[in-house]
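A.B. asks: make a model of this:
(chains A and B)
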2 protein chains.
Amino acid sequence: MINNLKFNERGLIPAIAQDADTGEVLMLGYMNEESLRRTLSSGEVWFYSRSRQELWHKGETSGSRLKVRSVWKDCDSDTILVMAQPTGPVCHTGNKTCFFQQLTKPDIEVSHQEEG
Amino acid sequence: MINNLKFNERGLIPAIAQDADTGEVLMLGYMNEESLRRTLSSGEVWFYSRSRQELWHKGETSGSRLKVRSVWKDCDSDTILVMAQPTGPVCHTGNKTCFFQQLTKPDIEVSHQEEG
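C.D. replies: Alright, predicted model coming up:
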């Protein structure tokens, strides 16, 4: 195991990508041990695609790569934070970040009405 | 389900807490549907503790709460981002953020040596 990191029962660890320049949280992906090794050694972010079940070099098809500035683990070693410089929009929708949809109180209320 | 959110097989969704003022990523927790409802309705962050298996009002023992500024979901609705104002150190170690330990290339190399 890399530095006592705790990978989950599927061998994965969640990895937050944050824009090192703007501070924006860009996306959350998952890494296996090999993704993390490649991320640390190559200087570009690699995830593990849970849907395709394969190593995923972020941006290999879109061209929007994440250049690694620094990599951090959290206090209980079960989450990774990558400070990175994106070379283009990170989200497959074309948005700069995957977090572009806000949730508010009415989202709960609507949900309750639908249930009722 | 709240706004088509995708909770995992355990009924949980990862939730990133970010300092709304400094941009620092503070921690990653997990929410169940009730945690999210309480977070949206109370204005303070609630997680679900996987170790204690119960709702967890962040800061209920430490006093370091997370005041909600805004809540976001990602493009595929399986991750939450909470922009928040912490009232004290978020980490149980006393650090402001849980991400205070850096991973670097030597961490991989040492790991390889140990394996060899």
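A.B. asks: and residue A:35, helix, strand or coil?
C.D. replies: Under DSSP: H, G, I helix; E, B strand; the rest coil, residue A:35 falls in the helix class.
A.B. asks: for chain A, give me the ranges with low pLDDT.
C.D. replies: Applying pLDDT under 70 to chain A picks out residues A:1, A:110-116.
A.B. asks: number of residues surrounding residue A:106?
C.D. replies: 11 (other Cβ atoms under 10 Å in any protein chain shown). (C-beta placed from N, C-alpha, C; glycine too.)
A.B. asks: three-state assignment of it?
C.D. replies: Classified using three-state DSSP, residue A:106 is helix.
A.B. asks: who are the contact partners of residue A:11?
C.D. replies: A:32, A:33 (Cβ atoms under 8 Å, 6 or more residues apart in numbering or on different chains).
A.B. asks: and it, how far from residue A:31?
C.D. replies: 10 Å (Cβ to Cβ, to the nearest Å).
A.B. asks: please apply the same query to residue A:38.
C.D. replies: Distance from residue A:38 to residue A:31, by Cβ to Cβ: 9 Å.
A.B. asks: so which residue of chain A comes closest to chain B?
C.D. replies: Residue of chain A nearest chain B, by Cβ to the nearest Cβ: residue A:23 (2.9 Å).
A.B. asks: who's in contact with that residue?
C.D. replies: Contacts of residue A:23 (Cβ under 8 Å, 6+ apart): B:22, B:23, B:24.
A.B. asks: please redo it, this time with the cut-off set to 6 Å
C.D. replies: residue B:23 (Cβ atoms under 6 Å, 6 or more residues apart in numbering or on different chains).
A.B. asks: name the SS class of it, please.
C.D. replies: Quick answer, by three-state DSSP: residue A:23 is coil.
A.B. asks: for it, phi and psi?
C.D. replies: The phi/psi pair for residue A:23 (degrees, to the nearest 10) reads phi 80, psi 0.
A.B. asks: which positions in chain A make contact with chain B?
C.D. replies: Within reach of chain B by Cβ under 6 Å from any Cβ of the partner chain, chain A has these residues: A:2-3, A:14, A:16, A:18, A:23, A:25, A:28, A:37, A:40, A:71-75, A:79, A:81, A:91, A:93, A:98-99, A:101-103, A:105, A:107-108, A:111.
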